[in-house]
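Trainee: Generate coordinates for the sequence data below:
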Amino acid sequence: MMNNITDTVKHLIIINVIMFIGTMTISNGIFYDWFALHFPQNAAFQPWQIITHMFMHGGFMHVLFNMFALWMFGTAVEQRFGAKKFLFFYMSSGLGAALCMIGYYYFSFYSGLNTLIESGTDKTQILETLNSGMYNTAWQQIMGAADMQHFISIFNSTMVGASGAIMGVLVAFGMLYPESKLMLIFLPVPIKAKYFIPGIIALDLISAVTGQSFFSPSNTAYVAHLGGALTGFLIMWYWKKTQFNKNRWD
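Mentor: Coordinates of the predicted model:
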């Protein structure tokens with residue numbers, strides 16, 4: 001069955017595996033620091049990370065499940081789209097996921113930052129303190145312990161994984177093959193893609209709002225998943241409506 005894998009999906013999997021090997025073998029975490037997506041106000045942030053984080057993973061099971069999903073759903077989507085169109089769709093979904101996650105982080109971070117600024121703390125001093133790996137204990141009295149911890153964790157956050165791009169691919173699969181039946185490993189009941197995939201997205205939405213994890217680790221970037229799914233849906237919707245698409249799907 002692996003012989004049926006399409007070229008772009010195969011090359012994406014190879015790149016992801018190579019990047020994962022680099023993460024695991026290059027010492028001191030420097031490979032991860034270079035290519036994971038850091039919060040843009042953090043000194044470790046570099047523009048290329050907006051792309052490279054999509055090929056990074058935090059552990060063996062992370063990369064295994066993502067690459068399995070990419071092979072399983074991406075091959076069928078690429079067969080309909082063609083290589084160039086599929087690659088554009090995949091990368092766009094991943095970028096959309098990253099932008100949504102960064103936007104969410106910015107909103108949360110600047111809420112805390114403005115609280116500190118309003119208390120009379122200098123913005124430049126705050127960012128310099130955070131970039132030094134430190135924090136001011138006075139912040140806790142201003143913000144509260146929980147909000148301060150959240151504020152610092154956002155600043156030091158990193159984002160890795162192909163999940164956002166793959167969520168876009170899942171949406172495309174569901175719209176192209178709505179009657180296909182899918183099953184979860186731990187729920188061996190066939191469910192049509194037009195119900196299964198919206199259900200997965202709904203669980204991510206619930207997790208993003210409540211913080212309750214269902215089938216994935218608690219540090220999963222649920223907002224990124226939703227961003228990838230939304231981007232994929234918008235592209236599919238546009239391609240269905242526009243006259244510029246040479247391979248419109250019905």
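
Trainee: How confident was the prediction at Ala138?
Mentor: On the pLDDT scale, Ala138 is placed at 92.

Trainee: Which stretches in the protein count as helices?
Mentor: Remark: helices assigned in the chain by DSSP state H are 7-25, 30-35, 49-52, 60-69, 75-81, 83-118, 123-131, 138-143, 145-155, 163-176, 193-210, 222-241.

Trainee: List the residues that contact the residue nearest the centre of the chain.
Mentor: Centroid check for the chain by CA atoms, centre = their mean gives Gly164 as the closest residue, at 3.6 Å. Applying CB atoms under 8 Å, 6 or more residues apart in numbering to Gly164 gives the contacts Met54, Ser93, Gly94, Gly96, Ala97, Ala98, Met101, Ala221, Ala224, His225, Gly227, Gly228. Backbone N, C-alpha and C define where each C-beta goes, glycine included.

Trainee: roughly how far apart are the nearest residue to it once chain neighbours are set aside and Ser163?
Mentor: Of all residues not flanking Gly164 in the chain, Ala97 sits nearest, at 2.3 Å (CB to CB, 6 or more residues apart in numbering). Applying CB to CB, to the nearest Å, the value for Ala97 to Ser163 is 7 Å.

Trainee: any low-confidence regions in this structure?
Mentor: Scanning the chain with the threshold set as pLDDT under 70 gives 1-3, 183-188, 211-220, 243-250.

Trainee: please redo it, this time with the cut-off set to 90
Mentor: Along the chain, the model assigns pLDDT under 90 to residues 1-4, 26-29, 58, 179-222, 240-250.

Trainee: which other residues reach stretch 62-69?
Mentor: Ile13, Asn16, Val17, Phe20, His57, Gly161, Ala162, Ser163, Ile166, Val169, Leu170.

Trainee: Highest neighbour count among the residues you listed?
Mentor: Among the contacts of stretch 62-69, the one with the most neighbours (other CB atoms under 10 Å) is Ala162, at 31 neighbours.

Trainee: so that residue makes contact with His53?
Mentor: No. If you go by CB atoms under 8 Å, Ala162 and His53 don't touch, sitting 9.2 Å apart.
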